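Peer 1: output the structure for:
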Amino acid sequence: MKVTDQGVVFTGIEGTNNQSCTFPSICVMPRGRWLCAFRSAPMKIPSEGQHVLLTWSDDEGKTWTKPFAPFTPPKIDGKTGLFRAAYLTPLGGQKLLSALCWVDHSNSALPFFNEETEGLLDTRVFFSWSDDGGETWSEPRLVDTSPYNVPTPITGPVLLFPDGELVLQFELNKHYFDLSVWRHASVLMFSRDGGNTWPRHTLASSDPENRVFYWDQRPSIVKGSILDVFWTFDRGKSVYLNLHARQTTDRGTTWSELWDIGIPGQPSAPQLLPDGRLVLCYVDRTDVPIIKIRASMDSGKTWSSNDELIIFNADSGSQTEVKNNMQDTWREMGKFSIGLPASTLLPGGDVLIVYYAGPETDVTGVHWSHVSLK
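Peer 2: The predicted structure is shown next:
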């Protein structure tokens, strides 16, 4: 594996609403267009001025169009909101689906995470469609995630099975002022009618003891199965464990046991190569944050470090702190200035990766890397 090319999608502009750029998403269209969506804001923490921007490159990353904001957040029950992320799914031809993360902004004084209750501001899922390669988009439509009527932050793009079934991914949080215990879980919902209804769902992760949080799930469709990889946190000890994974061969009816894949950090979704290998990009925060990629020859059971490749090495010091509780953990996450890699396959079988990085927490841009796996 080697990095054959790399560049910048967008550089954060200091002193503007486009200073902090995070939550990148990437896809490649059949005609070769690279489409990238990302959240842009004046600071990393959710704030006035945050919005989702979209840009594309028709020359393999050499140049990118001026980013624009195609999505206007609707009100819910009279409450204003902001879009926090957009995740892109090609549907064939020039058709695209964007899954949008809406966050309540009716009271701008409230932080996203309530440190007293561990609740979140109301967070919902919207969909928008494009028929012209991302140039124009439909009005965002609220997705009914029943029976989950709690904050449901999405964790990545909608998956598309070859038979047309869609898979929506999100996490379960609790309402902002709810004093009950937060019981985290990762959910997948399934639709066979193009996203109009979601009659079936499955819990991809939920620790019965509520001790280990398998969050930031990153599912992929691998040879008809779903392989889901999790950023794994032991809240009893306030430490991150190695990444864990599990698999379903029947679209969520049953799941394998979780297994430790032997990699530290925060993952992107695995990508299946034409030769049968799986590759996984991730952020290793053991010391200085580094974005790396590894390959698996056994369908994700093990990931050898022998051919591990460094994609991006931060110039900063360590951004990992000693944590005593969930509040410390959220504060630590809020200080990260590198992370959230997302990847997609290129037509020739190579991998395109995007991630955010910058010199400090509130000054970050979106970068890309082309990785050859031959």
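
Peer 1: mind listing the strands for the stretch 101-250 of the chain?
Peer 2: With strands called from DSSP state E, counting those that start in this stretch, the stretch 101-250 of the chain shows them at 123-130, 141-142, 159-160, 166-172, 185-191, 200-205, 212-222, 225-234, 239-240, 244-248.

Peer 1: I meant to write the stretch 251-374 of the chain there.
Peer 2: 259-260, 266-267, 271-272, 278-284, 290-296, 304-313, 338-345, 351-360, 363-372.

Peer 1: of the ones you listed, which is nearest residue 66?
Peer 2: Closest to residue 66 of the strands of the stretch 251-374 of the chain is strand 363-372 (CB to CB; 13.9 Å). No exception for glycine: its C-beta is placed from N, CA and C like everyone else's.

Peer 1: buried residues in the closest one?
Peer 2: 363, 364, 365, 366, 367, 368, 369, 370, 371 (16 or more other CB atoms under 10 Å).

Peer 1: that strand - contacts with which helices or strands?
Peer 2: Secondary-structure packing of strand 363-372 (3 or more CB pairs under 8 Å, 6 or more residues apart in numbering; DSSP states H and E): strand 2-10, strand 20-28, strand 34-41, strand 304-313, strand 351-360.

Peer 1: ok, 7 Å please
Peer 2: Here strand 363-372 touches strand 2-10, strand 20-28, strand 304-313, strand 351-360, going by 3 or more CB pairs under 7 Å, 6 or more residues apart in numbering; DSSP states H and E.

Peer 1: tell me which of these is the most buried.
Peer 2: strand 20-28 (a mean of 24; mean count of other CB atoms under 10 Å).

Peer 1: what angle sits between that one and strand 34-41?
Peer 2: 160 degrees (axes from the mean of the first three to the mean of the last three CA atoms, to 10 degrees).

Peer 1: tell me the confidence at the closest residue to residue 39 other than its chain neighbours?
Peer 2: Using CB to CB, 6 or more residues apart in numbering and skipping the chain neighbours, the partner closest in space to residue 39 is residue 23 (4.2 Å). The per-residue pLDDT reported for residue 23 equals 96.

Peer 1: hmm, back to that, comparing the strands of the stretch 251-374 of the chain, which yields the minimum mean pLDDT?
Peer 2: Taking the mean pLDDT of the strands of the stretch 251-374 of the chain, strand 304-313 comes last: a mean of 91.

Peer 1: could I get the strands of the stretch 251-374 of the chain as CSV with distance to residue 227?
Peer 2: Putting the strands of the stretch 251-374 of the chain into CSV (distance: least, CB to CB, whole Å) gives the following:
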stretch, distance to residue 227
strand 259-260, 11
strand 266-267, 11
strand 271-272, 9
strand 278-284, 8
strand 290-296, 10
strand 304-313, 17
strand 338-345, 14
strand 351-360, 16
strand 363-372, 19
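
Peer 1: how about those, which one is nearest residue 210?
Peer 2: Residue 210 lies closest, by CB to CB, to one member of those: strand 259-260, at 19.4 Å.

Peer 1: parallel or antiparallel, which strands does the closest one pair with?
Peer 2: strand 244-248 (antiparallel) (DSSP bridges).

Peer 1: quick check: angle from the partner strand to strand 212-222?
Peer 2: Using the same axes, to 10 degrees: strand 244-248 against strand 212-222 is 50 degrees.

Peer 1: returning to that earlier point: mind putting the helices and strands packed on strand 363-372 into TSV with distance to residue 159?
Peer 2: Listed next are the helices and strands packed on strand 363-372 as TSV, based on distance: least, CB to CB, whole Å:
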stretch	distance to residue 159
strand 2-10	23
strand 20-28	12
strand 304-313	24
strand 351-360	17
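
Peer 1: tally up the residues packed near residue 256, please.
Peer 2: 13 (other CB atoms under 10 Å).

Peer 1: what's the answer for the one 3 residues further on, then?
Peer 2: Burial of residue 259, expressed as a neighbour count using other CB under 10 Å, amounts to 15.

Peer 1: partners of it in the sheet?
Peer 2: With DSSP bridges as the rule, residue 259 is bridged to residue 245.

Peer 1: same deal with residue 295?
Peer 2: In this entry, residue 295 is beta-bridged to residue 279, residue 304, by DSSP bridges.

Peer 1: all numbers from here: first residue = 43
Peer 2: Done: numbering now begins at 43, and the last item shifts to residue 337.

Peer 1: so it sits against residue 349, correct?
Peer 2: Yes: counting by CB atoms under 7 Å, residue 337 touches residue 349, with 6.3 Å between them.
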